[in-house]
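Novice: 3D, please:
(chains A and B)
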2 protein chains.
Amino acid sequence: MQPRIPVPTIRRLPGYLRLLREAAASRMDFISGTYLANELNLEPIQVRKDLAITGVAGKPRTGFAVRELINAIESLLGWSNTHDAFLAGVGSLGIALMGYGGFREYGLEIVAGFDIDKNKIGKTFHGKKVFAMEKLADLVQRLGICTCILTVPASAAQAVTDRLIAAGIIGIWNFTPAKLQTPDNVIVEKVDLAASLAVLSSKLQARQAKLI
Amino acid sequence: MQPRIPVPTIRRLPGYLRLLREAAASRMDFISGTYLANELNLEPIQVRKDLAITGVAGKPRTGFAVRELINAIESLLGWSNTHDAFLAGVGSLGIALMGYGGFREYGLEIVAGFDIDKNKIGKTFHGKKVFAMEKLADLVQRLGICTCILTVPASAAQAVTDRLIAAGIIGIWNFTPAKLQTPDNVIVEKVDLAASLAVLSSKLQARQAKLI
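Specialist: A predicted model of the protein is given here:
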């Protein structure tokens, strides 16, 4: 049984992983906690605490074994193997994400899209086919997929979420601004672009008001 | 001078704005705080507190004047007019965001991309031209643009940020996993997709470990 990892630590793990992969690519066998701290603008004590959770111990002077630490972090995150995911809502953002290959690096591959729009069903975007929402439950079962990226309009988000859960999806990466109601056993992680842009805009607005 | 608005309130404003715009489109003149609270899964007291910040007072029974509240929120966020922004780093994610029209709804329009790759400079993606990084300072001045979306590789993020700031950019929407060091007068807002996916993956991983 794994110990419970604090969310801030989990959010920092991809940063360590990126530097470790770079080190491995440059054939480095060991990496120091101080180097990781400097590169990521973190306190060295923070890095040591975070990495202690992986169970890999750093050695004095030599540091952490790069390959061992990569394996430990990938295994903690479930990124050792690429996981397939569906995407619901093949609109502008959905198509953009279907075309973004970068998630593969983080163990996620979008294999198909789902939509209710007859003009999109059957079409292929960036090599990924779009299916009717009615096919979802069947494909979830057949392909054993448990993760879905949600990029439907906010007004449809809850209804589509209910369908995803009924079909067997247990992990939802929610790119809509909607706050979803889900059973306890379903995991929802939100990326709220509108909220993030609101923070940036309002701060810029306040700054410019000060300058005028 | 505007009062300082708490960040959690700012992050909720786009949600209110979306429902208000929907109400306006359905020719509703007034909207109740309770309706907004229900639709957004928020407590009614939270909605009242958030909206008090706009200066628009709700009336007992009738609720809030839709058009007035839209104007107040748009003005707080600086979304009354569309703001132009640049994008630095025309890779897979950069191109995806250039093709995503949804930011327009939030007052943001990407007008051009910048890259160091000779194969991309001069090309057009989704109707937006890519310029060499050397052109940045000149175009920032000429077009009076102060916001840039950052989608370069993490390893280049700090160096490009330094160039953006030197060129006159004061608002950076950071889509890289890098933690940027910037002067106090520069506003950085981060969307860390890798960190968000790490949280989702590790929770799913833990859940599946429990089931086996």
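
Novice: Quick one, grab the pLDDT at residue A:81.
Specialist: pLDDT recorded at residue A:81 is 72.

Novice: In chain A, where is pLDDT below threshold?
Specialist: Low-confidence regions of chain A, defined by pLDDT under 70, span residues A:1-3, A:211-212.

Novice: Regarding it, what is its longest strand?
Specialist: strand A:108-115 (DSSP state E).

Novice: Let me see the residues that make contact with it.
Specialist: Outside strand A:108-115, the residues that touch it by CB atoms under 8 Å, 6 or more residues apart in numbering or on different chains are A:82-91, A:94, A:97-98, A:103, A:120-121, A:125, A:128-133, A:135-136, A:139, A:143, A:145, A:147, A:149, B:197, B:201. Any C-beta I mention is one placed from the backbone N, CA and C, and that applies to glycine too.

Novice: Give me the residues contacting stretch A:148-156.
Specialist: Stretch A:148-156 is contacted by residues A:85-91, A:93-94, A:97, A:110, A:157, A:160-161, A:164, A:169, A:171-178, B:15, B:18, B:22 when judged by CB under 8 Å, 6+ apart.

Novice: Okay, buried residues for that stretch please.
Specialist: Residues of stretch A:148-156 classed as buried: A:148-152, A:154, A:156 (neighbour count, 16 or more other CB atoms under 10 Å in any protein chain shown).

Novice: One more: stretch A:131-151?
Specialist: The neighbour-count check on stretch A:131-151 (16+ other CB under 10 Å) flags A:131, A:133, A:136, A:139-140, A:145-151 as buried.

Novice: So what does residue A:121 look like in phi/psi?
Specialist: For residue A:121, the backbone dihedrals (degrees, to the nearest 10) come out as phi -60, psi 130.

Novice: Report the separation between it and chain B.
Specialist: Distance, residue A:121 to chain B, using CB to the nearest CB, to the nearest Å: 21 Å.

Novice: Residue A:179 too?
Specialist: From residue A:179 to chain B the distance is 4 Å (CB to the nearest CB).

Novice: Let's verify residue A:64: helix, strand, or coil?
Specialist: strand (DSSP: H, G, I helix; E, B strand; the rest coil).

Novice: Run a quick neighbour tally on it.
Specialist: 27 (other CB atoms under 10 Å in any protein chain shown).

Novice: Please tell me how far it sits from chain B.
Specialist: Taking CB to the nearest CB, one finds residue A:64 at 19 Å from chain B.

Novice: Surely that residue and residue A:28 touch.
Specialist: No. Applying CB atoms under 8 Å as the test, residue A:64 and residue A:28 come out as separate, 10.5 Å apart.

Novice: Following the record's annotation, map out the domains of chain A.
Specialist: A:7-77, A:83-195 (automatic domain parsing).

Novice: circling back to that earlier point, so which of the buried residues of stretch A:131-151 would you say is closest to residue B:48?
Specialist: Lowest distance from residue B:48 to those (CB to CB) belongs to residue A:150, with 29.1 Å.

Novice: Cross the buried residues of stretch A:131-151 against helices and list the overlap.
Specialist: Counting by DSSP state H, the part of the buried residues of stretch A:131-151 found in helices is A:136, A:139-140.

Novice: Report the entries of those residues that also contact chain B.
Specialist: Among these, proximity to chain B is found for none (CB under 8 Å from any CB of the partner chain).

Novice: Just the helices from chain A, written as ranges.
Specialist: Going by DSSP H, chain A shows helices at A:7-25, A:33-39, A:44-52, A:66-77, A:92-98, A:136-143, A:157-167, A:193-211.

Novice: from those helices, which stretch is densest packed?
Specialist: helix A:92-98 (a mean of 23; mean count of other CB atoms under 10 Å in any protein chain shown).

Novice: wait, what's in contact with the residue lying closest to residue A:185 once chain neighbours are set aside?
Specialist: Using CB to CB, 6 or more residues apart in numbering or on different chains and skipping the chain neighbours, the partner closest in space to residue A:185 is residue A:170 (6.6 Å). The contact partners of residue A:170, by CB under 8 Å, 6+ apart, come to A:146-147, A:185-187, B:204, B:207.

Novice: can you name the two of those that are farthest apart?
Specialist: A:147 and A:185, at 14.1 Å, using CB to CB across the contacts of residue A:170.

Novice: Double-check residue A:164 against residue A:139; I have them as touching.
Specialist: No. Applying CB under 8 Å, one finds residue A:164 not in contact with residue A:139, separated by 11.7 Å.

Novice: want to throw the helices of chain A into CSV with distance to residue B:35?
Specialist: Shown next, in CSV, are these (distance: least, CB to CB, whole Å):
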stretch, distance to residue B:35
helix A:7-25, 32
helix A:33-39, 49
helix A:44-52, 44
helix A:66-77, 40
helix A:92-98, 26
helix A:136-143, 30
helix A:157-167, 15
helix A:193-211, 20
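
Novice: one step back: between residue A:164 and residue A:139, what contacts are shared?
Specialist: Joint contacts of residue A:164 and residue A:139 (CB under 8 Å, 6+ apart) do not exist.

Novice: ok, residue A:199 - contacts?
Specialist: Contacts of residue A:199 (CB under 8 Å, 6+ apart): B:7, B:10-11, B:189.

Novice: Quick one: the residues you listed as a markdown table, columns for distance to residue A:116 too.
Specialist: A markdown table is the format used below for the contacts of residue A:199 (distance: CB to CB, whole Å):
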| residue | distance to residue A:116 |
| --- | --- |
| B:7 | 35 |
| B:10 | 33 |
| B:11 | 29 |
| B:189 | 33 |
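
Novice: filter the residues you listed down to the ones near chain A?
Specialist: Applying CB under 8 Å from any CB to these, one finds that B:7, B:10-11, B:189 fall near chain A.

Novice: Count the neighbours of residue A:191 for me.
Specialist: 20.

Novice: Repeat that for residue A:91.
Specialist: If you count neighbours by other CB under 10 Å, residue A:91 ends up with 17.

Novice: Phi, psi for it please.
Specialist: For residue A:91, the backbone dihedrals (degrees, to the nearest 10) come out as phi -90, psi -160.

Novice: For it, which residues are in contact?
Specialist: The contact partners of residue A:91, by CB under 8 Å, 6+ apart, come to A:115, A:151-153, B:102.

Novice: surely residue A:131 meets residue A:124?
Specialist: No. With contacts counted by CB under 8 Å, residue A:131 stays clear of residue A:124, the gap being 10.9 Å.

Novice: Looking at the contacts of residue A:91, which one is closest to residue B:75?
Specialist: Residue B:75 lies nearest to residue B:102 out of the contacts of residue A:91, by CB to CB, at 21.1 Å.

Novice: how close does the closest one sit to chain A?
Specialist: 5 Å.
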